[in-house]
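**Q** sequence and predicted structure, then a few things I'm wondering about:
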Amino acid sequence: MIKVALADDHEIVRYGIKMVLEDDPEIEVIWEASDGQETIDKMHESTPDVLVADIRMPLLTGLEVTQQLKQEDPTLKIIMLTMHDDSEYILKSVQYGADGYLLKDTNKAEFNKAVKMVNSGQKYFSGDISTTIVNSIMSGGAIPTTKEVVSPVASQDYGLTKREKQILSLIYDGVSNKDIADKLDKSIRTIETHRFNIMKKIEVNNITELLKKVDREGLLN
């Protein structure tokens, strides 16, 4: 039996992943955590075979959790979970020692396959960089430093209001306009207007450009 732990600040995401994983008789979810610090604490209490952690969590990010845990015990198996299919995220995950990288919309078969491969000591990275390339980097190639992965520029807030920053954070987390509207008790049209204004202020044309710029310039730091 493969013992898995789930770390994500969205309960519904954890529930969905748990249902997917435990549909496989060889996998058991032994605990869940809703933020980075809780993940660290629970890892010290009960170590799973594989930890599946969202890249973006409160208190400590998934990358920070991975870095700290891998420094304590390099043999730990950790899969990063994210909404973003982007090579920058994958390289960051490699840099911090992650054993795998999965998108949240990964299908059941691939999710279970990834957990089993990582548990067996292999690497599994979905997205723009294939498992073969990542394994090559891990076995002999130089792992990029943070500065090589992302070239930071001077951070600025682009005149975003407090509400716009709040909505930007939710957009970054992959929350839909409807769910943002429900959460903030606003109409969908109001959220769409905020979204348009945010993209106009930040000077991007689509969501992909927006997410990359948030990372590159640390707009949510």
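**A** In hand now; what should we look at?
**Q** next, work out how far apart the residue nearest the centre of the chain and Gly62 are.
**A** Geometric centre of the chain, nearest residue: Ile55, 2.5 Å, by Cα atoms, centre = their mean. Separation of Ile55 from Gly62 (Cβ to Cβ, to the nearest Å): 4 Å. Backbone N, C-alpha and C define where each C-beta goes, glycine included.
**Q** ok, now Asp185?
**A** 29 Å.
**Q** follow-up on the earlier one: shouldn't the residue nearest to the centre of the chain be in contact with Glu64?
**A** No - counting by Cβ atoms under 8 Å, Ile55 sits too far from Glu64 to count as a contact (9.9 Å).
**Q** by mean pLDDT, flag the weakest helix or strand of this protein.
**A** helix 146-149 (a mean of 38; mean pLDDT, DSSP states H and E).
**Q** after that one comes which helix or strand?
**A** Downstream of helix 146-149, the next assigned helix or strand under DSSP states H and E is helix 162-172.
**Q** what residues does that next one touch?
**A** For helix 162-172, contacts defined as Cβ atoms under 8 Å, 6 or more residues apart in numbering pick out 56, 157, 160, 179-180, 183-184, 191, 194-195, 197-198, 201, 207, 210-211, 214, 219-220.
**Q** at 10 Å what do you get?
**A** 56, 83-84, 157-158, 160-161, 175-177, 179-181, 183-184, 186, 190-191, 194-195, 197-199, 201-202, 207, 210-211, 214-215, 219-220 (Cβ atoms under 10 Å, 6 or more residues apart in numbering).
**Q** can you tell me which of these end up in strands?
**A** Judged by DSSP state E, strands contain none of the contacts of helix 162-172.
**Q** among the residues you listed, name the buried ones.
**A** Listed as buried from the contacts of helix 162-172 are 56, 83-84, 160, 175, 177, 179-181, 186, 190-191, 194-195, 198-199, 202, 210-211, 214-215, 219; burial here means 16 or more other Cβ atoms under 10 Å.
**Q** what about the helices in the protein?
**A** Assigned helices in the chain, in chain order: 11-22, 36-45, 62-72, 87-95, 108-119, 131-139, 146-149, 162-172, 177-184, 188-202, 207-217 (criterion: DSSP state H).
**Q** the fifth one to helix 11-22, inter-axis angle?
**A** This means helix 108-119. With axes from the mean of the first three to the mean of the last three Cα atoms, to 10 degrees defining the directions, helix 108-119 sits at 80 degrees from helix 11-22.
**Q** what's helix 108-119 packed up against?
**A** Applying 3 or more Cβ pairs under 10 Å, 6 or more residues apart in numbering; DSSP states H and E, one finds that helix 108-119 makes contact with strand 2-7, helix 11-22, strand 27-33, strand 50-54, strand 78-82, strand 100-103, strand 124-125.
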